[in-house]
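> Give me the fold of what follows.
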Amino acid sequence: MPTVIKRLDAGAYQLKDQVVSINRVTKVVKGGKNLSFAALVVVGDPSAAVVGFGSGKAKEVPQAIRKGIESAKKNLVKVNLTQTSIPHLVLGRYGSGRVLLKPAPEGTGVIAGGAVRAVMTSAGVQNVLTKSIGTTNPHNVIKATFEALKKLRSRHDVAATRGKSAEEL
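Predicted coordinates for the structure are as follows:
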C-alpha cells in the first residue's frame with residue numbers, strides 16, 4: 001500500500017526564501033548561443049519546521065529566482081524535530097550525493113556547508129552536525145538532504161511502530 005503524501009499549503013506559513021545557487025546556462029543553436037539562468041532556491045518556515053526546494057530557469061536572474069520560489073512552494077516537507085535539533089542520526093542519498101545529519105547538543109549551532117546549511121536554517125534546525133560526502137553538486141546535495149529529512153522519525157512514530165508508549169522508549 002503506497003503512502004499518500006499530503007501537500008502542505010504554502011499560504012499557511014511565513015516562508016522565507018534563500019537562493020542556493022545561480023547557474024548561467026547556454027544552449028547552442030544555429031544562430032549562436034541562447035543564454036539563460038538557472039536558480040536553485042530553498043524556502044522554509046523555521047517556526048513551523050517546514051522546508052521545500054525548487055529550481056527555475058529564465059532569461060533573467062530575478063525571473064529564474066521567482067520561478068524557483070514558486071516551484072519550492074509546491075513541494076514543502078514537514079520535518080520531525082526535537083526542541084532545537086534532529087531526533088537521531090540519519091544518512092540521505094541521492095545520486096552520488098550523501099548527506100549525514102547528526103543531532104547536536106544545545107549551543108552547537110548549524111555546522112554545515114553551502115546547500116545543506118540553507119536547508120537546515122530554513123527548516124528551523126538550530127543545532128546539527130552535517131557532513132556532505134561525495135558530490136558537491138548543489139542539486140544532488142539538496143535532494144540528498146531532503147531524503148535524510150524525510151527519514152527522520154519522532155519518538156511517537158517509533159513507539160507506535162514497536163507497539164509501545166513513548167514513555168517506554
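> Next, the distance between the ends of stretch 77-97.
The straight-line separation of the ends of stretch 77-97 (CA to CA, to the nearest Å) is 20 Å.
> quick check: mean pLDDT across that stretch?
Averaging pLDDT along stretch 77-97 gives 88.
> Distance from the chain centre to it, please.
Averaged C-alpha coordinates place stretch 77-97 at 9 Å from its chain's average position (CA atoms, centre = their mean, to the nearest Å).
> and what of stretch 31-50?
On CA atoms, centre = their mean, the centre of stretch 31-50 falls 12 Å from the chain's centre.
> Please apply the same query to stretch 113-132.
9 Å.
> does residue 35 really touch residue 29, like I thought?
No: assessed by CB atoms under 8 Å, residue 35 is found out of contact with residue 29, at 11.1 Å. Yep, even glycine has a C-beta here, placed from its N, CA and C like the rest.
> Between the two, which contacts overlap?
Overlap of the contact sets of residue 35 and residue 29 (by CB atoms under 8 Å, 6 or more residues apart in numbering) is empty.
> Got the domain ranges for this structure?
10-77, 81-168 (automatic domain parsing).
> weakest of those in terms of mean pLDDT?
Among the domains of the chain, domain 81-168 carries the lowest mean pLDDT (a mean of 88).
> follow-up on the earlier one: with mean neighbour count as extra columns, can I get the domains of the chain in a markdown table?
Supplementary listing: these in a markdown table, determined by neighbours: other CB atoms under 10 Å:
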| stretch | mean neighbour count |
| --- | --- |
| domain 10-77 | 17 |
| domain 81-168 | 18 |
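> Spell out the secondary structure type for residue 125.
Counting by DSSP: H, G, I helix; E, B strand; the rest coil, the backbone at residue 125 sits in coil.
> for residue 62, same thing?
helix.
> Look up how far residue 164 lies from it.
Remark: distance between residue 62 and residue 164 (CB to CB, to the nearest Å) = 52 Å.
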